[in-house]
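Engineer: Based on what follows, work out the 3D shape:
(3 chains)
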Amino acid sequence: MKEKTIYQNHALLGFIRKNSVILTGLLLLCGFLSIVTDSFLTNGNIMSLLRQISTNALLTLGMMMCIIIGGIDLGLGAYIALSGTVTAVMITNYGVNIPVSILLGLLSGALCGLISGVFIAYVKVPAFIATMAMMNVARGAASLATNANPVRVTIPAFTNLGIGRIGSIPLPVFYVVFWIIVMALFLNKTRMGRYIYAVGGNQNAARYSGISIKTVQITVHIFSGFLAAFAGIVLAARMYSGQPAVAQGYEMDAVAASVLGGISLTGGSGDVFSAMIGVLIIGVLNNGLNLLNVNTFWQLIAKGVVILFAVSFDMIRNRN
Amino acid sequence: MKEFVLQMQNIHKQFPGVYALNGVHLDVLRGEVHAILGENGAGKSTLIKVLGAIYKPEQGEIYIDGEQVHLNSIRDAQAHGISIIHQELMLVPDLSIADNIFLGSNPSDYGFFSRKEMDKKAQLLLDNFGVDLNSKSMISSLSVAQQQIVEIIKAISVNAKIIVMDEPTSSLSANEVDMLFKIINRLKQEGVSIIYISHKLDELFFITDRITVMRDGKTIGTVVTKNVSTDQLIRMMVARELSDFYVRSEFEKGEVVLSVRNLSKKDLLHDISFDLFRGEILGFAGLVGAGRTDLMKVLFGLSPYDNGEISLNQTQLKIHSPEEALKAGIALVPENRKEEGLILKNTVGFNMTITVLRDFIKGIHVDKDKENNILDTYKDRLSISTPSYKQLTANLSGGNQQKVVISKWLATNPQVLLLDEPTRGIDVGAKAEMYTIMNELTLSGMSIIMVSSEMQEVIAMSDRICVMGEGKIKKIFRKEEFSQENILSYAIGGSKA
Amino acid sequence: MKKRISVSLVLVLASLFAVLLPVAAEKESYKFGFTSATMNNPFFTTIESTIREAVEKNGDTLVALDPKSDIATQISQLEDMINQGVDLVFLCPIDSEGIQPALDMLKEAGIPVVNYDTDVTDPESVETIIVSNNEYAGEVVGQALAEKFPEGGKIAILDAPYAEACVQRVNGFFKGLGDLKDKFEVVAQQNGKGDIGESLPIAESILQANPDLDAFFCINDPSALGALSAVQGSGLEAQVAVYGVDGSPDAKKSIKEGGLTGTGAQSPVNIAQKAVEAAYQILNGDQVEKLIKVPTFLIDSENVDEYGVDGWQ
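Structural biologist: Numbers count the residues shown, from 1 in each chain, chains lettered A, B, ... in the order given. Coordinates of the predicted model:
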């Protein structure tokens, strides 16, 4: 028993040491914001901050898996739009009941992931291209299904999934915590999790080790598509509508968060919790710059600079 | 007395946690071939990178032609006449020989770019060295050896005084090695000094004038090649006596484990038939490209075959993937451990168990005790030396990496272990351990197929030897027929069989 | 090495914010929030700068955030404004109904909303709506076209179906054609994304397919300028009329030079002024009208000089 606590302490220390740079950055950012604004450290702001990052957190969970196997999924933003509109169209236009509509929405994302996964695994289309193509397909499908107009859903049973709270904590925060736990268990405690790291670390060696690369690639893309769809449905509930034009470029925020979280773009390494620090940094940065009333265009520059610096640190660290 | 073209004195270079060079000395005479010899990790490549200005030493002086120089960039090093030919060649495949030779240094004095002139100058250089090549040929159409020669000529064209060759013969055939040695002799006559790095002792005795031996980041000594013996060199390298290098117990023929009949694969393998007995080490000899690796890949399910039968314990197998091969009891330890064997950026423990996760992970339950049990078993059995299972595999020495590779497939408990070049690139001490391990495995009932290009190794370790050439098995030798001449004549000499 | 990295990170972030940090607001003054569809459109930046000028003259501050045409981002940014304690929000929704959750939150926080340009679905959620009626902006163009081609003709439309305001402009346009509606044949309707670069190649292919085209209707001026380039490139400027909506300075210059035929003009300056006026009335506790209309009108070669070509009207 005693041994176990020591081991856990070590794990925590190790985590802090591994992420020292980015954790320092996050803490400084938070410290700075709580000094210069009255509003940053309020309960209300923390809660809305957590809700704001929930979408990017879910996308990043999927994106990091894709990056770990040495790929990427550029379709995630579009899957948000697709799953949201599919669910909304089912509920509003076809009167399908809510659980089934949600299920169909989730399946739409998973299906997109499956298709890009199959092209990546069997036809060897580079992930960048395959998922970029699926991004267009999904976005087009979302627009076709809705005539490019938002589709309203005002049934509280649905919208509460997005705007509801338990105590003062928004529901999406609970979803994210749930999926973080699932993902951490998946990556660390299952065979498939280790296979994912193996495939990303060295695809050839993984093949020689008797791992089916195709299965791994397809599983990862289905899972990440599914998570994006989940995020899309929560977002739709929050906006009372399925929006075909929403979430353009969100996948890039997920790439940024992953990279900030030290997930190497060459694949094979990275962990859930570090990636979530990346999500927090992007979220706090967006929220903080807004609170500080920083000019929009300066915000873009600030975000760009932070990402560039973070990746540079990663590069320097790798070189050493 | 001859003059020193290069002197490196008291060179120190540290990396986090490693004292890579600890006061190294190296003196190279004009026009000599000077070998640097040492186990992996002795500091040879670090020293060369210091010379090429890829690393900056913390301490130490470098003199060229007696004058102290400060090498701040790769360009600096080139300007001082230092040229390094790496194992991976740095030529542009889609340009001609002439283009590559003069890449970055225009041949015309006036800055004009005359292709005709360039081709002519390049041809002159080629002819000078007795190389039968057309300067207009594309690099991509050349063999590795020919490419190497182009690299050498490129180095000479910029007036290199010192040419470093890092394992130049590692992928050359016997004929090509001869050609390389002719060129080296020619360079010597012209006063160019060669620093020659190789593990192959017989080559060093043949081509070098002096040998500097390194160990643990220090210079152990410099000897004149013709005054030294193999034993002396090995002793200098490993600082211990090598009593029983090759360990192979008597082998008694038992039942057939693996049987291959009439196996063919278009353009690569033709009508391959052989048997493997329980507890046997079956050596596969032949030249590079003879089809040995292709055969291993087929047996392991990595590539498909057209015709033929593979059976294990009298049962015919249909293998389409490594997964199925492992399940059937066939494991392949691949030739290239960094590319195919290991996930270098992950931990030792991760690598050792990746093939057997099924044994201790069920759903999301990881049986830690069982996992540690597997790790400990193979760590002890192969005496893998690592500070912990959490160590990154990239940080292990070559020999230990190779043991991790073997443990990985050994853990699947195969009946047939295919070893493709099991001792390539590992040092003498680790080699000896590898032979002991192989011997023990066969004693416990495993059968081994060993593909090796090291003639001594094949002869000493194998119970029988299959010689392959052009995708066929040319001859299977019994132990009493083993001899270097026999094997070579079948490997090179067409179809005597 | 790590320590040095951390230190430099601190320095970088600190200096970044030192540069960007605005002067802290004094307490007695008001803090306004501003959100538009996108700050990539001169129409909205003109509204923003006009409002900013007016409120800063009173010693108040304006917090303007750019949702980049993403409704989810717009909601998040409004949350940030609430947390920041703004006193009033100027709002143009990206989606009239999708904005509802944000309106609910604003209501809960007791923050009044001045809705401008595109109106929200639930007028009860806002204090007042300043509409520069998008539908009417399209309608005046429809009327002008009907007048110019009494016999009808072939027309092409470059729309932007994601944006509500643009859909209204198209609806208004058809309304403006009136009784002649059936005499006009819409030979093409494509998404020009309201962007000059996107619209140019689309217009080119429409002209290839329909060399006998009579007119383009584009849902905004950038799109119209793109179509105009295509028309001029094909040497059809004498035959094909090109209409936009906005009344931007660029469009007016083009009209003056004989390029664009006309534009359904809105007045961002007037919208902004009316919005500021209403905002201070609300904060003073005065009654304001629920619906304040800012007129839209057609600018063509005959009246372009009245409005000047250097800025917005």
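Engineer: Residues of the stretch 101-250 of chain A that sit close to chain C?
Structural biologist: Contact residues, the stretch 101-250 of chain A versus chain C (Cβ under 8 Å from any Cβ of the partner chain): A:143, A:147-150, A:152, A:159, A:162-163, A:235, A:238-241, A:243-248. Heads up, the C-betas are built off the backbone N, CA and C, glycines and all.
Engineer: helix/strand/coil for the nearest residue to C:Ile99 once chain neighbours are set aside?
Structural biologist: Nearest residue to C:Ile99, sequence neighbours excluded (Cβ to Cβ, 6 or more residues apart in numbering or on different chains): C:Pro93, at 3.8 Å. Three states are possible here, and by DSSP: H, G, I helix; E, B strand; the rest coil the one that applies to C:Pro93 is coil.
Engineer: give the contact list for C:Pro93.
Structural biologist: Taking Cβ atoms under 8 Å, 6 or more residues apart in numbering or on different chains as the definition of contact, the neighbours of C:Pro93 are C:71, C:74, C:99, C:115, C:118, C:120, C:164.
Engineer: Equivalent analysis for B:Gly329, please.
Structural biologist: The contact partners of B:Gly329, by Cβ under 8 Å, 6+ apart, come to B:312, B:413-416.
Engineer: same question, B:Val28
Structural biologist: Taking Cβ under 8 Å, 6+ apart, we find B:Val28 in contact with B:4-7, B:34, B:162, B:193, B:195.
Engineer: which non-adjacent residue is nearest it?
Structural biologist: Spatial nearest neighbour of B:Val28, excluding adjacent residues (Cβ to Cβ, 6+ apart): B:Leu6 at 4.2 Å.
Engineer: do the same with C:Tyr30
Structural biologist: C:Asp60 (4.2 Å).
Engineer: And for B:Asp94, the neighbour number?
Structural biologist: Taking other Cβ atoms under 10 Å in any protein chain shown as the criterion, the count of residues near B:Asp94 is 9.
Engineer: ok so it is a helix residue?
Structural biologist: No. B:Asp94: not assigned to a helix; according to three-state DSSP it is coil.
Engineer: Tell me the spacing between the residue lying closest to it once chain neighbours are set aside and chain A.
Structural biologist: When the adjacent residues along the chain are set aside, B:Asp94 lies closest to B:Ser140, with 6.2 Å between them (Cβ to Cβ, 6+ apart). Between B:Ser140 and chain A the distance, using Cβ to the nearest Cβ, to the nearest Å, works out to 23 Å.
Engineer: So which elements touch the helix or strand harbouring C:Gln281?
Structural biologist: Following DSSP states H and E, one finds C:Gln281 within helix C:268-283. Packed against helix C:268-283 by the contact rule (3 or more Cβ pairs under 8 Å, 6 or more residues apart in numbering or on different chains; DSSP states H and E) you find helix C:42-57, strand C:88-91, strand C:113-116, strand C:128-131.
Engineer: Now do the buried residues in it.
Structural biologist: In terms of neighbour count (16 or more other Cβ atoms under 10 Å in any protein chain shown), helix C:268-283 has its buried residues at C:268-276, C:278-282.
Engineer: Quick check: mean pLDDT of that helix?
Structural biologist: Helix C:268-283 shows an average pLDDT of 93 in the prediction.
Engineer: For that helix, which outside residues touch it?
Structural biologist: Outside of helix C:268-283, the residues that reach it under the criterion Cβ under 8 Å, 6+ apart are C:30, C:32, C:43-44, C:46-48, C:50-51, C:54-55, C:58, C:87-88, C:90, C:112, C:114, C:116-117, C:127-128, C:130, C:132, C:287-288, C:292, C:294-295, C:311-313.
Engineer: Check these for burial and list the buried ones.
Structural biologist: When the contacts of helix C:268-283 are checked for burial by 16+ other Cβ under 10 Å, the buried set is C:30, C:32, C:43-44, C:46-48, C:50-51, C:54-55, C:87-88, C:90, C:112, C:114, C:116-117, C:127-128, C:130, C:132, C:288, C:292, C:294, C:312-313.
Engineer: just to revisit the earlier point, show me the contacts for the residue nearest to B:Val28.
Structural biologist: With contact taken as Cβ under 8 Å, 6+ apart, B:Leu6 is in contact with B:26-28, B:51, B:62-64, B:82, B:162, B:193.
Engineer: Could you list the alpha-carbon positions for stretch B:169-178 in PDB?
Structural biologist: Extracted as PDB, the C-alpha positions of stretch B:169-178 are listed here (Å, rounded to 0.1, in the frame of the first residue of the first chain):
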ATOM      1  CA  THR B 169      32.200  -1.400 -47.100                       C
ATOM      2  CA  SER B 170      29.100  -2.100 -45.100                       C
ATOM      3  CA  SER B 171      26.900  -2.500 -48.100                       C
ATOM      4  CA  LEU B 172      29.500  -3.500 -50.800                       C
ATOM      5  CA  SER B 173      30.100  -6.800 -52.500                       C
ATOM      6  CA  ALA B 174      33.500  -8.400 -52.600                       C
ATOM      7  CA  ASN B 175      34.300  -7.000 -56.100                       C
ATOM      8  CA  GLU B 176      33.200  -3.600 -55.100                       C
ATOM      9  CA  VAL B 177      35.400  -3.600 -52.000                       C
ATOM     10  CA  ASP B 178      38.300  -4.400 -54.300                       C
END
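Engineer: Nothing else from me, thank you.
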